[in-house]
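K.L.:
could you look at this predicted model? Sequence included:
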Amino acid sequence: MLLELTVNASWYLSTGALALVPLAIRRRWSRLEKTVWREEESYWKSLAAGDVNSYLRLFHEEFISWPCESPRPSDKPAVRQMLENLKKSYRLLSYELNPLSIRVVGDTAVVYYFVRYVVEAHGEQIEDTRRISHTWIFQDGGWKIMGGMSSTSPVTANHQPTS
């Protein structure tokens with residue numbers, strides 16, 4: 001991964017998202033930033049496998065986030081309950097991660113990326129693109145997600161930037 005934007009350049013070009021990425025964040029990742037990104041990948045692999053316990057092991061005990069589906073921030077027990085409920089009617093079929101920026105300062109990392117995914121819900125396939133931010137902290141020998149936020153993407157369903 002030489003440049004943050006070369007991970008999936010075709011996605012950026014086809015969606016118009018490249019215009020949304022400031023030049024200031026186009027830089028090489030450090031070894032530590034690559035390590036944090038691998039943790040993000042583990043997050044999605046666990047989610048895709050439906051492995052709630054492995055997924056939640058990535059979260060700090062004091063974790064708090066604000067998923068775009070929630071009217072207010074959620075903590076770790078609320079995320080567990082949400083996942084258990086989602087497993088009953090949703091199945092993640094595929095996902096594509098498109099990192100934009102990672103910064104590590106001391107024992108804290110901040111990650112921003114797009115995720116495009118397809119789920120099956122009630123016999124229907126639904127595709128969506130979201131913007132994700134996670135704040136990770138290094139504690140007890142490993143990286144844990146301390147906070148996060150997701151929002152719908154400025155890229156519409158047909159992958160064109162909104163104005």
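P.N.:
Done, it's in.
K.L.:
shouldn't residue 84 be within a helix?
P.N.:
Yes. Counting by DSSP: H, G, I helix; E, B strand; the rest coil, residue 84 is found in a helix.
K.L.:
for the host helix or strand of residue 53, packing partners?
P.N.:
Assigned by DSSP states H and E, residue 53 falls within helix 52-57. Here helix 52-57 touches helix 31-49, helix 76-89, going by 3 or more CB pairs under 8 Å, 6 or more residues apart in numbering; DSSP states H and E. C-beta: built from backbone N, CA, C; applies to glycine.
K.L.:
of those, which is nearest residue 98?
P.N.:
Residue 98 lies closest to helix 31-49 among the helices and strands packed on helix 52-57, at 11.2 Å (CB to CB).
K.L.:
list the buried residues of the closest one.
P.N.:
33, 35, 36, 37, 39, 40, 43, 44, 46, 47 (16 or more other CB atoms under 10 Å).
K.L.:
what about the second one, distance to residue 149?
P.N.:
What it means is residue 35. 22 Å (CB to CB, to the nearest Å).
K.L.:
for residue 90, what are its contacts?
P.N.:
Contacts for residue 90 (CB atoms under 8 Å, 6 or more residues apart in numbering) come out as 119, 120, 121.
K.L.:
switch the cut-off to 7 Å
P.N.:
Counting by CB atoms under 7 Å, 6 or more residues apart in numbering, residue 90 touches 119, 121.
K.L.:
lowest-pLDDT helix or strand in this structure?
P.N.:
helix 9-15 (a mean of 43; mean pLDDT, DSSP states H and E).
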